[in-house]
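Engineer: Sequence and predicted structure are below.
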Amino acid sequence: MSVFQESEQQTISNLYRQHHTWLFRWLRGKVESTESAADISHDIFVTLLAREEQLVLTEPRAFLTTLFTTYSFSYCITHLLSLVNNIKPPAVTIL
């Protein structure tokens, strides 16, 4: 593992420790169930771990809410397309 990867994982680890509970609670107010909030929160952090670009955060909560907005928009589009094409929607990725 490169120094960049270790540093990036540490950044995301810190983001998770400091903001996961807040994100989960915020999501619970936005989605229909606790399970959905947990799934979306998990998906957001897994996507961050898969990023190849360096993560530079000045406003972490604003960043996380923006990721949710992107996630929900992508989910809606793929779900609508699946309804139109009568196919199972693919997994949604953020970013």
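Structural biologist: Arrived safely. For clarity, every value in this text was computed on a predicted model and none was experimentally measured.
Engineer: alpha carbons only for contacts and neighbour counts from here, please
Structural biologist: Fine.
Engineer: What ranges in the chain fall below the confidence cut-off?
Structural biologist: Within the chain, the set of residues satisfying pLDDT under 70 comprises 1-4, 87-95.
Engineer: Tell me which stretches of it form helices.
Structural biologist: Along the chain, counting by DSSP state H, helices occupy 3-28, 34-50, 60-85.
Engineer: okay if I get those helices as a markdown table plus mean neighbour count?
Structural biologist: As requested, the helices of the chain are arranged in a markdown table below (neighbours: other Cα atoms under 10 Å):
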| stretch | mean neighbour count |
| --- | --- |
| helix 3-28 | 15 |
| helix 34-50 | 16 |
| helix 60-85 | 15 |
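Engineer: so how far is Leu64 from the residue nearest the centre of the chain?
Structural biologist: Ranked by distance to the mean C-alpha position of the chain (Cα atoms, centre = their mean), the top residue is Ile44 at 1.7 Å. As judged by Cα to Cα, to the nearest Å, Ile44 and Leu64 stand 8 Å apart.
Engineer: give the contact list for Val31.
Structural biologist: Counting by Cα atoms under 8 Å, 6 or more residues apart in numbering, Val31 makes contact with Ala37.
Engineer: how about Asn86, what does it touch?
Structural biologist: Asn86 makes no contacts at all, as judged by Cα under 8 Å, 6+ apart.
Engineer: mind redoing it with 10 Å?
Structural biologist: Asn86 is in contact with His79, Leu80, counting by Cα atoms under 10 Å, 6 or more residues apart in numbering.
Engineer: quick one: it and Ser36, what's the gap?
Structural biologist: 23 Å.
Engineer: gap between the two ends of stretch 25-35?
Structural biologist: 12 Å.
Engineer: Off-centre distance for it?
Structural biologist: Chain-centre distance of stretch 25-35: 14 Å, with Cα atoms, centre = their mean, to the nearest Å.
Engineer: Now the phi/psi pair for Leu55, please.
Structural biologist: Leu55 adopts backbone torsions of phi -100, psi 120, taken as degrees, to the nearest 10.
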